[in-house]
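Trainee: Return atomic coordinates for the entry below.
(chains A and B)
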Amino acid sequence: MKYEQQLAERLSDLGAITSDEKTTIIQNIQKQKFSLHWELRVLLYIGISMFTGGIGVFIYNNIGSIGHIILIFLLFASCVGCYAYAFKKGLPYSTEAVQHTNPFYDYVVLLGGLLFVSSQGYLQFQFEVYGNQWSSATLVSSFVLFATAFRFDHKGVLSIAVSLFAAFFGLVVTPLEWMQSTQYEVGDSNYIQAALVLGILLYGFGWLCRNRNIKLHFVMVFMQFAANILLITMLSGIFSSESAAFMYTMGLFIGGFVFFKEAQKAESFALLLSVVLAVYIGVTYWVFKILFMGDGLVAVYVSFIYIIASGVGIIYLLRNHKKVFRYATV
Amino acid sequence: MLQYNTDKLDGVLFHQALSKWIKQQWITSSPAQSGYIRSTLSYSKYDWLKRLGLYIVTLIAAQSSVGFAMLFVFQVFQVDPEVKVMAGFTAVAGIALIFVLNKFIKQNNVYKQGTDDAWLHSALGYIYCGLILVLDIDISTHAGMLFAAISLLCLTGFAAYQYSDSFVSAICVIALNFIPLYLVSMVAQELLFFSVLLIVPLNLLVIRTINKYNKLENHYWHGCFVVGKVMACVMMYVSVNLYVIRSLAYELMGAESIPLQPLFLGLTIATPLVFITMAIRKKLRYLLYCGLGLLLPTVATVRYYYSVMPVELACLLGGLILIIICYVAIRYLRNNESAYTFEADPDENLSSAEMLLILQQFGKPGEPPAPTADSKFNGGSFGGGGSQGDF
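Mentor: Alright, predicted model coming up:
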């Protein structure tokens, strides 16, 4: 007998369900179909990723022998086809979450977005459409993908858009670094400032979406990215800059507090985890720095005690995060 | 005997089943049922992110505790830090961690929350490594490796039975598979090529034995059984994989080629396909995941020895084929009646919060069960993940 049928028998014996209900359950179990939903969706996602990846590398490797016009035409035609399908089959725009019943819809939107990014990169590489402004291709792609994500309600495309937006900042900073130093060094300060601006912008987008009640389910995507970027930036500043370490530490605590409040509002464990880990690393850095200024052996003992005690504290915090959220509100 | 409270584990299973049946509207509420639900105890489930976070933090705290204790004891008692002394201390620390873990489980209503997992894994690691070092086992010899495999099998088997830990049961199956290999290699290393003659029937026996015990009264170890069967399938595949066989041949005998290579190539390709076919016919989800997962090393193995086209073309064509297969399969499943469906299983990703909501509504006599609400307590910004309810 099937496992679930045995369960129904047991619950019937315990009086939790009646014998009629048991019969209904067993009949339904026997009629139940084997679902291949998630397996097919994952395979579809892998197929699309392989296809777009293969196209990208194929173009890159054969760029000399294949007609550029033909290639760009094919890329754009496919991209336009995907977007045309998305507009035709998609539901109208709404500021709330939109659920598409067609299982292929999300994957077509994703494919269209990825093909657009490939086409922009190819246009810039081959025809230098944006001149020597390499960052512009990334920025344009990111704006189009943001628009795509909001219009067709796609979190995956939104994540790609945010990543491209972050890449834009990286591309902007690198030429600046090169101009400012005699040797080409990937220094810290410009990257940290760029990351700060990016993090604040992403936080602003999320805040705007929440305040205007636009795609509230996107807010946590923005907040998660903003939290990770800002908090890691603060930690980088603490580790790399002796003179400004205190300022970055204050920034870490302020950022940690802000995102703690966001985590509390959204009851998001993932955001809370990012905040707790980042602040813990920052605090631990200072504790160890101060400890190891003194006696080596005493410092080792105290550091062990600190790690054990702080570990227990974090375990308590994470296990009882709902109580902590409620307590922090009072 | 299981260290966790079996009544509460029964409660978890029954609540999961009732939640699923309510969600599918197979049953409706009644005073007897609401009374039963209120009277049964249950553990709460943590989602994977919370469990992972707690696991990492507990692991750090556990290692630090043992390190601190060792440092303190050695410093205060002026003990000479020889390897055997430290190993002995480590083994004792591991045993102490087990006692602490048992107490923690009983006092804190904990079940698979990351903390207990990390504690268990740390304790087992300390006991095992301590034992090997104290006994001065030479793992460069076949006899030494055989002893190490047998002791690992015993330790992990006992731990899997006591704590129903899936990771530990996976290690147990792997250790079991190495025992015949080391026995054979003690006779003659060349015989390892024919280890498939031992590994495949051994793992088939493992699967049969697991199926014999996989009943409702043993549901506490259901996760271990599933993982055990998956590892058995993986080990069967590894024993016939062409890359593994040829690497062994080269390592042991310096042989550049092996006899019966086409046979091993055929087995490498056929094994995942057989798994997938059997999984679909017998509706075995664990076998389906095995088969799909093993396609990747199969493709990598075939491409390693027989590269028929550039990798980008392979990705492009492979991706296209996958898209077409999925498209055809989805259209077929949606438009035709069969024993299979594209509709998602309604009991997947039932988190603790969702179950609680369903059961609270269900628990009110006279009121119909409410539709399920989206859980707010999942981790991650992309829809989160719950445990997979797998009956």
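Trainee: What are the contacting residues of whichever helix or strand residue A:258 is part of?
Mentor: Residue A:258 is part of helix A:245-266, with elements assigned from DSSP states H and E. Contact partners of helix A:245-266, identified using C-beta atoms under 8 Å, 6 or more residues apart in numbering or on different chains, comprise A:203, A:219-220, A:223, A:226-227, A:230-231, A:234-235, A:237-238, A:241, A:268-269, A:271-272, A:274-275, A:278-279, A:282, A:286, A:325, A:328-329, B:376. Using the backbone N, CA and C atoms, a C-beta is placed for each residue, glycine as well.
Trainee: List the buried residues for that helix?
Mentor: Neighbour-count burial for helix A:245-266 flags A:245, A:248-249, A:251-252, A:255-256, A:258-260, A:262-264, A:266 (criterion: 16 or more other C-beta atoms under 10 Å in any protein chain shown).
Trainee: okay, among the residues you listed, which ones form the most distant pair?
Mentor: A:245 and A:266 (30.9 Å; C-beta to C-beta).
Trainee: so what's the backbone phi/psi at residue A:35?
Mentor: phi -80, psi 130 (degrees, to the nearest 10).
Trainee: just checking, it touches residue B:341?
Mentor: Yes: Residue A:35 lies in contact with residue B:341 (C-beta atoms under 8 Å); the separation is 5.5 Å.
Trainee: Which residue of those two possesses the greater neighbour count?
Mentor: residue A:35 (19 against 16; other C-beta atoms under 10 Å in any protein chain shown).
Trainee: so where's chain B uncertain?
Mentor: B:29-39, B:193, B:346-391 (pLDDT under 70).
Trainee: what about the helix ranked longest in it, distance to the chain center?
Mentor: Criterion DSSP state H: the longest helix present in chain B is helix B:48-76. Remark: helix B:48-76 is offset 24 Å from the chain centroid, using C-alpha atoms, centre = their mean, to the nearest Å.
Trainee: Just want the residue of the stretch 51-200 of chain B that's nearest chain A.
Mentor: residue B:61 (2.9 Å; C-beta to the nearest C-beta).
Trainee: leaving aside the residues next to it on the chain, what's closest to that residue?
Mentor: residue A:311 (2.9 Å; C-beta to C-beta, 6 or more residues apart in numbering or on different chains).
Trainee: element containing the one you found, please.
Mentor: Per DSSP H and E: helix A:296-319 holds residue A:311.
Trainee: and that helix, what's its mean pLDDT?
Mentor: Mean pLDDT, helix A:296-319: 87.
Trainee: on that earlier part again, closest to chain B out of the buried residues of helix A:245-266?
Mentor: Scanning those for proximity to chain B, where the rule is C-beta to the nearest C-beta, the winner is residue A:266, at 7.6 Å.
Trainee: so where do the strands sit in chain A?
Mentor: Counting by DSSP state E, chain A has strands at residues A:34-35.
Trainee: residue ranges for the helices of the stretch 201-350 of chain B, please.
Mentor: B:222-240, B:242-253, B:261-282, B:285-305, B:311-335 (DSSP state H, counting those that start in this stretch).
Trainee: list the buried ones in the third one?
Mentor: This means helix B:261-282. Applying 16+ other C-beta under 10 Å to helix B:261-282 flags B:264-265, B:267-269, B:271-272, B:275-276, B:279-280 as buried.
Trainee: Make TSV from the residues you listed and add distance to residue B:53 to it.
Mentor: Below are the buried residues of helix B:261-282 laid out as TSV (distance: C-beta to C-beta, whole Å):
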residue	distance to residue B:53
B:264	43
B:265	44
B:267	42
B:268	39
B:269	40
B:271	37
B:272	34
B:275	34
B:276	35
B:279	33
B:280	36
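Trainee: So which of these would count as near chain A as well?
Mentor: Filtering the buried residues of helix B:261-282 for proximity to chain A by C-beta under 8 Å from any C-beta of the partner chain leaves residue B:280.
Trainee: With adjacent residues omitted, what lies nearest to the residue positioned nearest the centre of chain B?
Mentor: With distances taken as C-alpha atoms, centre = their mean, the residue of chain B nearest its centroid is residue B:227 (3.9 Å). The shortest distance from residue B:227 to any residue other than its chain neighbours is 4.2 Å, reached at residue B:166 (C-beta to C-beta, 6+ apart).
Trainee: That neighbour: neighbouring residues, count only.
Mentor: 19.
Trainee: That one: what's it in contact with?
Mentor: B:223-224, B:226-227.
Trainee: biggest separation within those residues, which pair?
Mentor: The most distant members of those, if one measures by C-beta to C-beta, are B:224 and B:226, lying 7.4 Å apart.
Trainee: So for the two, which sits in the more crowded spot?
Mentor: Ranked by neighbour count (other C-beta under 10 Å), residue B:224 and residue B:226 place residue B:224 first, with 24 against 19.
Trainee: how about the more buried one, what does it touch?
Mentor: So residue B:224 contacts B:160, B:164-166, B:168-169 (C-beta under 8 Å, 6+ apart).
Trainee: cutoff 7 Å now
Mentor: Neighbour list for residue B:224: B:160, B:164, B:166, B:169 [criterion: C-beta atoms under 7 Å, 6 or more residues apart in numbering or on different chains].
Trainee: Restricted to helices, list those residues.
Mentor: B:160, B:166, B:169.
Trainee: about what we covered before: return the closest of the buried residues of helix B:261-282 with respect to chain A.
Mentor: residue B:280 (7.8 Å).
Trainee: check contacts around the closest one.
Mentor: residue B:288.
Trainee: How about the contacts made by residue A:298?
Mentor: Residue A:298 touches nothing, counting by C-beta under 7 Å, 6+ apart.
Trainee: For residue A:312, see how far away it is.
Mentor: Plainly put, residue A:298 is 21 Å away from residue A:312 if you go by C-beta to C-beta, to the nearest Å.
Trainee: Same question for residue A:86.
Mentor: Distance from residue A:86 to residue A:312, by C-beta to C-beta: 51 Å.
Trainee: ok, how many other residues are close to residue B:196?
Mentor: 18.
Trainee: Please apply the same query to residue B:339.
Mentor: 11.
Trainee: Please look at it and residue A:33 and confirm they touch.
Mentor: Yes: with contacts counted by C-beta atoms under 7 Å, residue B:339 reaches residue A:33, the gap being 5.8 Å.
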